[in-house]
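Q: Dropping a prediction and its sequence here:
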Amino acid sequence: MSFFKKIFSTEKKETLDKGLEKSKSSFFGKLSKAVAGKSKVDDEVLDNLEEVLVSSDVGVNTTLKIIERIEDRVAKDKYLGTEELNLILREEIAGLLSETNTGEETEFSIPQNKKPYVIMVVGVNGVGKTTTIGKLAYQFKKKGLKVVLGAADTFRAAAIDQLQVWADRVEVPIVKQSMGSDPASVAFDTLKSATTQDADVVIIDTAGRLHNKVNLMNELTKVKRVMQKVVEDAPHDVLLVLDGSTGQNAFEQAKQFTAATEVSSLAVTKLDGTAKGGVVIGISDQFKIPVKYIGVGEGIEDLQVFNKFEFVDSFFK
């Protein structure tokens, strides 16, 4: 497919290649065993491939879609060789990702006609939510944009402190109140402050608990409603952060949060320390929500804009 000939930023691509190394090694190790001793793609190879995809955290439903697509190709070409399986998988997975992600973005950007552009970040504790906010703030500031952070996760003192550390590190203003304060009040103050400062981007952190979905839904709805008193169509993006290293658990979190609020984009973190990178493919396909960012390392530069061409190229390189 011609889109694999795109030219990628060398440094970014090297980081991505390195970040997906564990996932790639695990996947291709299993794939080699699945086709060992076989010269053409038959039912046994497809059964083995199904097992490889499921065990690589692609997810059952997405796996079945991929297998179905490959079966269609096998039906058309009875003598499809196993040596072509890599290329076919690459094409079909890229095709699947294309259905949800425009996937051609390579730079951190925001729409020109929204000021301030408001991002509300959701996700359970421990997934890398605060780190993602800090790295996003860094990338937007690097682009010359004025960024304000809002510490609306008032459920834990640690969440406020962690966001303050990132605000200091990136040198951007933060609006916060004491632990136990009303999250909607923090969001309101943040947007008021951002408007006064003529900020370009506002990133609001929210509480990461799922023990009571009804409470979570009510809280996030209230935060949105109060924000809209300051910026009429806020938030412009509800970004769900998921920990890629948790594999199927990330699916469950996505299910819970998409039921609790209208999630418009995803960030999948911690892909560098896991063999579960296939989860990006499954989550993108199952929830029909675009993956906007991926975390492929601990460095401040290691949050990347998700580009499906780069991702598939690194995964199958």
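A: Received it, and whenever you're ready, just let me know what you need.
Q: Next up, the contacts around residue 203.
A: 119, 121, 133, 136, 137, 147, 148, 149, 150 (C-beta atoms under 8 Å, 6 or more residues apart in numbering). Any C-beta I mention is one placed from the backbone N, CA and C, and that applies to glycine too.
Q: Same list (these) but as TSV, adding pLDDT, neighbour count and secondary structure.
A: TSV is the format used below for those (pLDDT from 0 to 100; neighbours: other C-beta atoms under 10 Å; DSSP: H, G, I helix; E, B strand; the rest coil):
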residue	pLDDT	neighbour count	secondary structure
119	98	25	strand
121	96	25	strand
133	97	29	helix
136	97	24	helix
137	98	25	helix
147	98	28	strand
148	98	25	strand
149	98	28	strand
150	98	32	strand
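Q: Go through those and name the one nearest residue 214.
A: residue 121 (20.8 Å; C-beta to C-beta).
Q: Which residues are in contact with the closest one?
A: Residues near residue 121 by C-beta under 8 Å, 6+ apart: 129, 132, 133, 203, 204, 205, 206, 239, 241.
Q: And it, how far from residue 155?
A: Distance, residue 121 to residue 155, by C-beta to C-beta, to the nearest Å: 14 Å.
Q: Give the rounded mean pLDDT of stretch 42-62.
A: For stretch 42-62, mean pLDDT rounds to 90.
Q: So which bits of it are buried?
A: 45-46, 48-50, 52-54, 56-59, 62 (16 or more other C-beta atoms under 10 Å).
Q: In the protein, what residue spans correspond to strands?
A: With DSSP state E as the criterion, the chain has strands at 117-122, 147-152, 174-175, 201-206, 237-243, 265-269, 291-295, 303-305.
Q: would you turn the ones you listed into TSV with distance to residue 195?
A: As requested, the strands of the chain are arranged in TSV below (distance: least, C-beta to C-beta, whole Å):
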stretch	distance to residue 195
strand 117-122	11
strand 147-152	9
strand 174-175	12
strand 201-206	9
strand 237-243	18
strand 265-269	23
strand 291-295	25
strand 303-305	26
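Q: Tell me which of those sits nearest to residue 279.
A: Per C-beta to C-beta, nearest to residue 279 of those: strand 265-269, 7.0 Å.
Q: quick one: residue 271 from residue 149, how far?
A: 24 Å.
Q: Provide a list of residues in contact with the residue lying closest to residue 173 once chain neighbours are set aside.
A: Excluding its sequence neighbours, the residue lying closest to residue 173 (C-beta to C-beta, 6 or more residues apart in numbering) is residue 148, at 5.2 Å. Residue 148 sits next to 116, 172-175, 190, 193-194, 197, 199, 201-203 when contact means C-beta under 8 Å, 6+ apart.
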